[in-house]
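>>> Output the structure for:
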Amino acid sequence: MSYFETNDGVPIYYEDHGEGDPILLIHGWTMNAEYWWQKNVEALSEEHRVVALDLRGHGLSGKTDRGHTLAQYARDVRELVRTLGLTDVTPVGWSMGTAVILSYVDQFGTDRLSGAVFADQSPKFHNDEEWPHGLLGEFSGEAATELATNLEYDRPSAGKPFIEAMFADPPDPDTVDEMYAQTTKTPTNVTVDVFLDMTYSDLRPVLGEINVPVLLLYGEQSNIFPTDVGAWLEGEIPDARHVPFEESGHCPFWEEPEKFNEEVASFVG
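Next comes the predicted model:
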């Protein structure tokens, strides 16, 4: 097990595999590195150095009441990159991990990055008259408050249906229970805090600042982001390529891992 300590004293867990051009895997909301990237690390590390971290409060990283914002998570990623001496790194962000990459660009530009991979995430959660690409296709501030309340007082009733909705073909109940158990490595207060921060963030202004290539890997059957946000992003980011995953929902790296790994490896190579 490998850890580094942030400048505010939080131990951050990370895994480091292989050699070559570096790839940094950044997981989604309430998830972790060890479980969720299990179908990707081995294949990607055959020809690349693959680093996967647990964001603060998640997985095996330190549990703290402080700093559960996209901006702080991005600063933690920055510290990890500098601690390991990574240059020309390609971050791969799934769901909230993509928002962390965008926050990194907002604060540090594309310093030390050679490209980026976004997996099924919208830059803005709230829908309005001019924005149809939010969470669940209909998300609002009222819905965010309701979900946060459900997480606080009856987390399984909110967490398990969310996991089922992440897949084009929902897992069997035992697998859902297993996946939900993984999410509970993230304390409920952390879960709520970063969810609300992400909910009220609008990262669309950052898109034009990305001056490295971006690969967009989006599930065609995503119930989490059911509109064609991947194609929209392709038109907004200066150098982007959208690859749809026809048989995937919110988790193309899990549902179509061979295609996902091939696309990422080819992009980095």
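>>> Pull out the buried residues from stretch 247-265.
Using 16 or more other C-beta atoms under 10 Å as the test for burial, stretch 247-265 gives 248-257, 259-261, 263-265. Yep, even glycine has a C-beta here, placed from its N, CA and C like the rest.
>>> for stretch 198-211, that is, sorry about that
Neighbour-count burial for stretch 198-211 [16+ other C-beta under 10 Å]: 198, 199, 201, 203, 204, 206, 207, 210.
>>> and the helix or strand residue 182 falls within, what does it pack onto?
Using DSSP states H and E, residue 182 falls within helix 173-183. When contacts are defined as 3 or more C-beta pairs under 8 Å, 6 or more residues apart in numbering; DSSP states H and E, helix 173-183 packs onto helix 33-36, helix 155-165.
>>> Out of the ones you listed, which is closest to residue 53?
helix 33-36 (6.0 Å; C-beta to C-beta).
>>> If we go by neighbour counts, what in that closest one is buried?
For helix 33-36, using 16+ other C-beta under 10 Å, the buried residues are 33, 34, 36.
>>> any idea how far residue 239 is from residue 204?
17 Å (C-beta to C-beta, to the nearest Å).
>>> coming back round to it: let me have the helices and strands packed on helix 173-183 in a markdown table, adding distance to residue 3 and mean pLDDT as columns.
Below are those laid out as a markdown table (distance: least, C-beta to C-beta, whole Å; pLDDT from 0 to 100):
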| stretch | distance to residue 3 | mean pLDDT |
| --- | --- | --- |
| helix 33-36 | 12 | 98 |
| helix 155-165 | 27 | 95 |
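>>> Please identify the most buried of those.
helix 33-36 (a mean of 20; mean count of other C-beta atoms under 10 Å).
>>> Going by neighbour count, which residues of stretch 38-53 are buried?
So for stretch 38-53, counting by 16+ other C-beta under 10 Å, buried means 39, 40, 41, 43, 44, 45, 48, 49, 50, 51, 52, 53.
>>> The fifth one and residue 170: what is the separation?
Using C-beta to C-beta, residue 44 is found at 26 Å from residue 170.
>>> partner strands of the helix or strand where residue 92 lies, parallel or antiparallel?
Using DSSP H and E, residue 92 sits within strand 90-94. Taking DSSP bridges as the criterion, strand 90-94 forms sheet pairs with strand 22-26 (parallel), strand 116-119 (parallel).
>>> Columns mean neighbour count on top of these, output as CSV?
As requested, the strands paired with strand 90-94 are arranged in CSV below (neighbours: other C-beta atoms under 10 Å):
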stretch, mean neighbour count
strand 22-26, 27
strand 116-119, 28
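>>> pull the CA atoms of the lowest-mean-pLDDT helix or strand in the chain into CSV?
Scoring the helices and strands of the chain by mean pLDDT, DSSP states H and E places helix 141-153 at the bottom, with a mean of 86. Extracted in CSV, the C-alpha atoms of helix 141-153 (Å, rounded to 0.1, in the frame of the first residue of the first chain):
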residue,chain,number,x,y,z
GLY,A,141,-32.0,22.1,-6.8
GLU,A,142,-35.1,20.6,-5.1
ALA,A,143,-34.1,17.1,-6.4
ALA,A,144,-30.5,17.7,-5.0
THR,A,145,-31.9,18.6,-1.6
GLU,A,146,-34.2,15.5,-1.6
LEU,A,147,-31.4,13.2,-2.5
ALA,A,148,-29.0,14.6,0.1
THR,A,149,-31.7,14.2,2.7
ASN,A,150,-32.3,10.6,1.7
LEU,A,151,-28.6,9.9,1.8
GLU,A,152,-28.4,11.3,5.3
TYR,A,153,-31.3,9.4,6.8
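>>> List the residues that contact the residue lying farthest from the centre of the chain.
The centre of the chain is farthest from one residue, residue 129, which by C-alpha atoms, centre = their mean lies 26.4 Å away. Residues near residue 129 by C-beta atoms under 8 Å, 6 or more residues apart in numbering: none.
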